[in-house]
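**Student:** I would like the atomic coordinates for the input below:
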Amino acid sequence: VEGNYIDKKCPWTGAVSIRGRVFRAMVLATKMKRTIVVRKNYLHYVKKYNRFEKRHKNVSVHCSPCFEPKEGDIVTCGECRPLSKTIRFN
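**Tutor:** Next comes the predicted model:
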């Protein structure tokens with residue numbers, strides 16, 4: 001984490017702590033400033049057929065400027081307090 005930047009929402013240099021859920025996801029978009037969109041895949045059980053079906057959610061995640069993820073990268077995201085209307089992960 002080299003460099004000179006100020007990010008109050010960064011868990012390393014700012015005042016945000018990671019608590020709760022931690023998950024791995026694939027980066028879909030990096031078009032926003034300090035925010036990325038990740039795809040979170042999971043399995044949902046259907047009791048009638050005794051099988052699982054694939055589902056996914058797109059989640060907005062805050063990304064500190066010390067990281068430079070590209071589309072298709074696998075990232076680890078941790079839950080934190082709400083940082084904006086839609087961002088709850090860091």
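**Student:** how close does M26 get to G72?
**Tutor:** Counting by C-beta to C-beta, to the nearest Å, the separation of M26 from G72 is 7 Å. In short, each C-beta sits where N, CA and C put it, glycine included.
**Student:** the two: which has the busier surroundings?
**Tutor:** Ranked by neighbour count (other C-beta atoms under 10 Å), M26 and G72 place M26 first, with 15 against 8.
**Student:** list the residues that contact the spatially closest residue to the more buried one that is not a sequence neighbour.
**Tutor:** Among residues not flanking M26 along the chain, R39 sits closest, at 5.0 Å (C-beta to C-beta, 6 or more residues apart in numbering). With contact taken as C-beta atoms under 8 Å, 6 or more residues apart in numbering, R39 is in contact with 25-26, 28, 56-59.
**Student:** looking at the residues you listed, which are in strands?
**Tutor:** Within the contacts of R39, residues falling in strands by DSSP state E are 25-26, 28, 56-59.
**Student:** would you list the buried entries among those?
**Tutor:** In those, burial by neighbour count holds for 25, 59, counting by 16 or more other C-beta atoms under 10 Å.
**Student:** show the average pLDDT along stretch 6-24.
**Tutor:** Average pLDDT, stretch 6-24: 92.
**Student:** same check, this time on stretch 49-60
**Tutor:** What stretch 49-60 shows for mean pLDDT is 98.
**Student:** centre of the chain versus that stretch, how much separation?
**Tutor:** The gap between where stretch 49-60 is centred and where its chain is centred comes out at 17 Å by C-alpha atoms, centre = their mean, to the nearest Å.
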